[in-house]
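Student: coordinates only, sequence not included:
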């Protein structure tokens, strides 16, 4: 008999099958087993009972990634309460607003983030619980006890609300996305059709668990299949990540494009470009493929040597980087989705994709292009399936704007579906710039050209007084290093940047169509502010230029 699409049904079934297998761990520590995970979930459920938290009560989690994050999450949803995961990168104001808006009664918080919690001004918030040991601040005699079990029996239905996830989007105000047990569990179960997960698989988690992408695919998916998940106890800088990769030897990892793009630009390309002979050889297709294959083998060793699935999602992957991954025979995979769809809508597994495609619709999900352009076939991507959210919390009018009366979710993304069923994303509907002749200009496509130019870290293209302007963040240290090697003495970095700006403008305008040419490049000294999946918060820079 098929299992119900609820957390208690799927997780307890997995616990029973994998009792003595490793479940969750910090890198370098002994993992807790599935049986121990179950015991801790029960103890936290008993604790929540003593606090009077039950069906439909909201409980927030503000914590860095750790095994107890998952224990807290399951304990909340097993009782029929609603979990509100908060991104650690949220500002103090965002945290205050989401706690207030959600009506959270309690919050699990890690010690490094407790200073972000407001002292007052949240009337519903009664309890602050340290996630490391489940101790209650100002306990009133109520204590967490290891080994306790809940006294009540909880019946959870598929359509019960499981989570409210506040998006920190690229377009401004956070919205609370309501996801049911079925929304998330359906998505996790169907994700197995893209990649089979075994109970011997090891996941290394580097993205925040409070983001739906990592939550569903990097947390729920492995645990319903008996796999183990390892967390870093520090920010995933190279000095932390590389030793962790060697210790864990992950078989599965989830990342965002920025991570692999940085590796390609800082490690792979310089190895070929700094030698005159290799640089020349890299210009020929056959020798480039041989060199990329060698680089791919080295990259596999860096990642621990046992990687079979390297998932990339959250934003579009740079075309040049994707070509390298294909020629390197690296097991990358692409996924496309949104928080509102729990998240996955489309994807492909290693060695099953098409260049620059987002893959095919996930099994059980329908995709269509609404009102496609007669010539290009482009239109808004719309989706239907059991993973589409219940709506935005306390925002019925906003919900009506994105879910049609017949159940189609309007993604706000533009794309095409080819004859083989592969989806190609063109850009965000809100980001499209209309040219003077009525042409659709996709800033993301221009940015992908800019980002392939030397010394460019990242960029954003905006419209200013009817002209296209590129805001570009250069790697100034790289420029200094490069030109000090060529020319003895100190290089004037500002003068050099101006020279590179002129070169960049000519380079971009030679690569794009006539109406996508940029009229100005403005160097941007700081990195751009980003979302959890490392997408630039465009609205900040559009506003900046409008002022």
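Tutor: Cool, the structure landed. Quick caveat, the model's predicted, so the values are computed rather than measured.

Student: and residue 366, what is it in contact with?
Tutor: Taking C-beta atoms under 8 Å, 6 or more residues apart in numbering, we find residue 366 in contact with 383-385. From N, CA and C alone the C-beta is placed, and that goes for glycine too.

Student: at 6 Å instead, please
Tutor: By C-beta atoms under 6 Å, 6 or more residues apart in numbering, residue 366 lies in contact with residue 384.

Student: And it, what's its pLDDT?
Tutor: With respect to pLDDT, residue 366 scores 98.

Student: Next, the buried residues of stretch 115-123.
Tutor: 116-117, 122 (16 or more other C-beta atoms under 10 Å).

Student: which residue packs closest to residue 134, ignoring adjacent ones?
Tutor: residue 144 (3.9 Å; C-beta to C-beta, 6 or more residues apart in numbering).

Student: for that neighbour, helix, strand, or coil?
Tutor: Under DSSP: H, G, I helix; E, B strand; the rest coil, residue 144 falls in the coil class.

Student: Can you verify my assumption that it contacts residue 47?
Tutor: Yes. Using C-beta atoms under 6 Å, residue 144 is in contact with residue 47, at 4.6 Å.

Student: Compare those two and say which one has the larger neighbour count.
Tutor: Ranked by neighbour count (other C-beta atoms under 10 Å), residue 144 and residue 47 place residue 47 first, with 22 against 19.

Student: for the residue lying closest to residue 328 once chain neighbours are set aside, what are its contacts?
Tutor: Leaving out its chain neighbours, the residue that sits closest to residue 328 by C-beta to C-beta, 6+ apart is residue 296, at 2.7 Å. Counting by C-beta under 6 Å, 6+ apart, residue 296 touches 328-330.

Student: Regarding residue 296, which helix or strand does it belong to?
Tutor: helix 285-302 (DSSP states H and E).

Student: Let's test this: mean pLDDT of that helix, rounded?
Tutor: Rounded mean pLDDT across helix 285-302 is 95.

Student: same thing with stretch 201-212?
Tutor: For stretch 201-212, mean pLDDT rounds to 96.

Student: Could you give the separation of it from the chain centroid?
Tutor: Centre-to-centre, stretch 201-212 and its host chain are 9 Å apart (C-alpha atoms, centre = their mean, to the nearest Å).

Student: circling back to that earlier point, which element follows the helix holding residue 296 toward the C-terminus?
Tutor: strand 309-312.

Student: That next one pairs with which strands?
Tutor: Counting by DSSP bridges, the strands paired with strand 309-312 are strand 252-255 (parallel), strand 332-337 (parallel).

Student: Is it possible to get JSON lines of those strands that adds mean pLDDT, mean neighbour count and distance to residue 508?
Tutor: Converted to JSON lines, the strands paired with strand 309-312 look like this (pLDDT from 0 to 100; neighbours: other C-beta atoms under 10 Å; distance: least, C-beta to C-beta, whole Å):
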{"stretch": "strand 252-255", "mean pLDDT": "97", "mean neighbour count": "25", "distance to residue 508": "27"}
{"stretch": "strand 332-337", "mean pLDDT": "97", "mean neighbour count": "25", "distance to residue 508": "25"}
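
Student: Would you mind telling me which of those strands is nearest residue 97?
Tutor: strand 332-337 (25.1 Å; C-beta to C-beta).

Student: contact partners of that closest one?
Tutor: Identification of contacts with strand 332-337 by C-beta under 6 Å, 6+ apart yields 309-313, 325, 343-350, 353, 358-359.

Student: that older thread, which one of the contacts of residue 296 is nearest to residue 36?
Tutor: residue 330 (35.1 Å).

Student: Let me see the contact set for residue 439.
Tutor: Applying C-beta under 6 Å, 6+ apart to residue 439 gives the contacts residue 515.

Student: what residue ranges in the stretch 101-250 of the chain score low on pLDDT?
Tutor: 139-140, 168-173 (pLDDT under 70).

Student: Now do the helices in it.
Tutor: 181-190, 212-215, 221-224, 238-248 (DSSP state H, counting those that start in this stretch).

Student: coming back round to it: in TSV: the contacts of residue 296, plus neighbour count.
Tutor: Output for those, formatted as TSV (neighbours: other C-beta atoms under 10 Å):
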residue	neighbour count
328	22
329	15
330	21
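
Student: quick revisit: the residue nearest to residue 328 and residue 280, how far apart?
Tutor: Distance, residue 296 to residue 280, using C-beta to C-beta, to the nearest Å: 21 Å.

Student: would you say residue 83 is within a strand?
Tutor: Yes. Assessed with three-state DSSP, residue 83 lies in a strand.

Student: Was I right to think it contacts residue 74?
Tutor: No. The pair residue 83 / residue 74 is not scored as a contact, 9.0 Å apart, by C-beta under 6 Å.

Student: who's in contact with the spatially closest residue to residue 204 that is not a sequence neighbour?
Tutor: With C-beta to C-beta, 6+ apart as the criterion, residue 204 has its nearest non-adjacent residue at 3.9 Å, and that residue is residue 250. Contacts of residue 250 were listed using C-beta under 6 Å, 6+ apart, and they are 202, 204, 304.

Student: My guess is the last one contacts residue 247. True?
Tutor: It stands for residue 304. No. Between residue 304 and residue 247 there is no contact under C-beta under 6 Å: 8.2 Å.

Student: out of those two, which sits in the busier spot?
Tutor: Taking other C-beta under 10 Å, residue 304 and residue 247 do not tie; residue 304 has more neighbours (19 against 12).

Student: list the contacts for that one?
Tutor: 245-246, 249-250 are the contacts of residue 304 under C-beta under 6 Å, 6+ apart.

Student: just residue 23 next, same as before
Tutor: Applying C-beta under 6 Å, 6+ apart, the residues near residue 23 are 32, 34, 37.

Student: Pull out the buried positions in the helix or strand that it is a member of.
Tutor: According to DSSP H and E, residue 23 maps onto strand 22-26. Neighbour-count burial for strand 22-26, counted by 16+ other C-beta under 10 Å, picks out 22-25.

Student: wait, which of those residues is closest to residue 166?
Tutor: Nearest to residue 166 out of those is residue 24 (C-beta to C-beta; 24.4 Å).

Student: correct me, but that closest one touches residue 32?
Tutor: Yes. Using C-beta under 6 Å, residue 24 is in contact with residue 32, at 5.5 Å.

Student: shared neighbours, the two?
Tutor: residue 67.

Student: What about residue 91, how many residues nearby?
Tutor: Residues near residue 91, counting by other C-beta under 10 Å: 11.

Student: can you check residue 192 too?
Tutor: With other C-beta under 10 Å as criterion, residue 192 counts 13.

Student: contacting residues for it?
Tutor: Not one residue lies near residue 192 by C-beta under 6 Å, 6+ apart.

Student: Can you give me the separation between it and residue 454?
Tutor: In this view, residue 192 and residue 454 are 42 Å apart by C-beta to C-beta.

Student: and what of residue 244?
Tutor: Noted for residue 244: a distance of 31 Å to residue 454, by C-beta to C-beta.

Student: Give me the more crowded residue out of the two.
Tutor: residue 244 (22 against 16).

Student: Identify the residues contacting the closest residue in space to that one that isn't next to it in sequence.
Tutor: Nearest residue to residue 244 in three dimensions, chain neighbours excluded: residue 27, at 4.5 Å (C-beta to C-beta, 6+ apart). Applying C-beta under 6 Å, 6+ apart, we find residue 27 in contact with 230, 232, 244, 247-248.

Student: If we use 10 Å, what do you get?
Tutor: Applying C-beta atoms under 10 Å, 6 or more residues apart in numbering to residue 27 gives the contacts 204-205, 230-234, 240-241, 243-245, 247-248.

Student: Now which of the residues you listed would you call buried?
Tutor: 204-205, 230-232, 241, 244-245, 248.
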